[in-house]
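J.: Sequence first, then the predicted structure:
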Amino acid sequence: MHPVQLSEDLRDAFTEIANVAVGQTADKIARSFSTFVIMPIPRVHLLESADIHMALTAMDGESSVSAVTQAFYAEGISGEALLLFGNGSRADLSQLMGYEPALDEREQLEHMLEMASLLNGSCIQSILDQLEIDVLIGHPVVLGLHKRVHDMFSEYKFPWDKTLAIELNYTFEGFSTTCDLVLLFHQQSLPTLFEKLEVLLA
């Protein structure tokens, strides 16, 4: 079994794969919603479970956010996507997606879940396609609404000691909407994932 260590070569390889996924996802969103996506620079980390809360808080500080989680599964691999929406952009998100501004919470939820399915799904699919891994992506689930990041995740228990995390911060030209995406590959996935990366490096 591959030790749970992230060498610089593996980090660079995974960052490049994430870069490709970012471009493909931005193109899909731009075509779906006729808007220019300001593409993020992927940040790849091997994190202890306890450090994930700090990483999420660092992304959004003291701001209140809404969060959606979406699980994914493949042979030897599992993980989840966490997507954080800034609360100042709830009506803006609807307009970005070509809808009238959402007037009630049900509509806002529908728009968040639709964006999560597109953004999360595209990133996950692109990354694992590049590694020639078939993936099953679950339905998005709302974790919390209009809460501070610290409060939302203070009691959220991650069921592993380490995770490979990719941080992506999407913004959209002409809109205040922000979507902070964190892809988490569970600890038991890392040997398979690292083996796939090493094949690409060979």
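T.: Done, it's in. Numbers count the residues shown, from 1 in each chain.

J.: name the helices or strands packed onto the helix-or-strand element of the chain with minimal mean pLDDT?
T.: Using mean pLDDT, DSSP states H and E, the weakest-scoring helix or strand in the chain turns out to be helix 49-60, at a mean of 72. Applying 3 or more CB pairs under 8 Å, 6 or more residues apart in numbering; DSSP states H and E, one finds that helix 49-60 contacts strand 77-86, helix 149-153, strand 162-172, strand 178-186. Where you see a C-beta, it was placed from the backbone N, CA and C, and this is true even at glycine.

J.: Columns mean neighbour count, mean pLDDT and distance to Ile124 on top of the ones you listed, output as a markdown table?
T.: Shown next, in a markdown table, are the helices and strands packed on helix 49-60 (neighbours: other CB atoms under 10 Å; pLDDT from 0 to 100; distance: least, CB to CB, whole Å):
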| stretch | mean neighbour count | mean pLDDT | distance to Ile124 |
| --- | --- | --- | --- |
| strand 77-86 | 22 | 91 | 6 |
| helix 149-153 | 18 | 76 | 21 |
| strand 162-172 | 21 | 90 | 10 |
| strand 178-186 | 23 | 91 | 7 |
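
J.: circling back to that earlier point, compute the inter-axis angle for the least confident helix or strand of the chain and strand 162-172.
T.: Here the directions of helix 49-60 and strand 162-172 differ by 10 degrees (axes from the mean of the first three to the mean of the last three CA atoms, to 10 degrees).

J.: Quick check: Phe85 vs Glu48, distance?
T.: 26 Å (CB to CB, to the nearest Å).

J.: Thr171 too?
T.: When distance is defined by CB to CB, Thr171 is 29 Å away from Glu48.

J.: With Ile17 instead?
T.: 23 Å.

J.: neighbour count winner among these two?
T.: Ile17 (22 against 12; other CB atoms under 10 Å).

J.: Which other helices and strands does whichever helix or strand that one is part of contact?
T.: In this assignment (DSSP states H and E), Ile17 forms part of helix 8-33. Counting by 3+ CB pairs under 8 Å, 6+ apart, the packing neighbours recorded for helix 8-33 are strand 37-38, strand 43-48, helix 105-130, strand 162-172, helix 190-201.

J.: redo that, cut-off 10 Å
T.: Using 3 or more CB pairs under 10 Å, 6 or more residues apart in numbering; DSSP states H and E, the elements in contact with helix 8-33 are strand 37-38, strand 43-48, helix 90-96, helix 105-130, strand 162-172, strand 178-186, helix 190-201.

J.: Of the ones you listed, flag the one that's most buried.
T.: For the helices and strands packed on helix 8-33, the largest average neighbour count (mean count of other CB atoms under 10 Å) is found in strand 178-186, namely a mean of 23.

J.: In the sheet, which strands lie alongside that one, parallel or antiparallel?
T.: Take DSSP bridges as the rule and strand 178-186 pairs in its sheet with strand 77-86 (antiparallel), strand 162-172 (antiparallel).

J.: just the CA coordinates of the longest one, formatted as CSV?
T.: Below are the C-alpha coordinates for strand 162-172, written out as CSV (Å, rounded to 0.1, in the frame of the first residue of the first chain):
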residue,chain,number,x,y,z
LYS,A,162,-6.3,12.6,6.4
THR,A,163,-7.7,13.8,3.2
LEU,A,164,-6.4,15.2,-0.1
ALA,A,165,-8.1,18.5,-0.6
ILE,A,166,-8.4,20.7,-3.7
GLU,A,167,-9.6,24.3,-3.1
LEU,A,168,-11.2,26.2,-6.0
ASN,A,169,-12.7,29.7,-5.6
TYR,A,170,-15.0,30.6,-8.5
THR,A,171,-16.2,34.1,-9.3
PHE,A,172,-18.2,35.4,-12.2
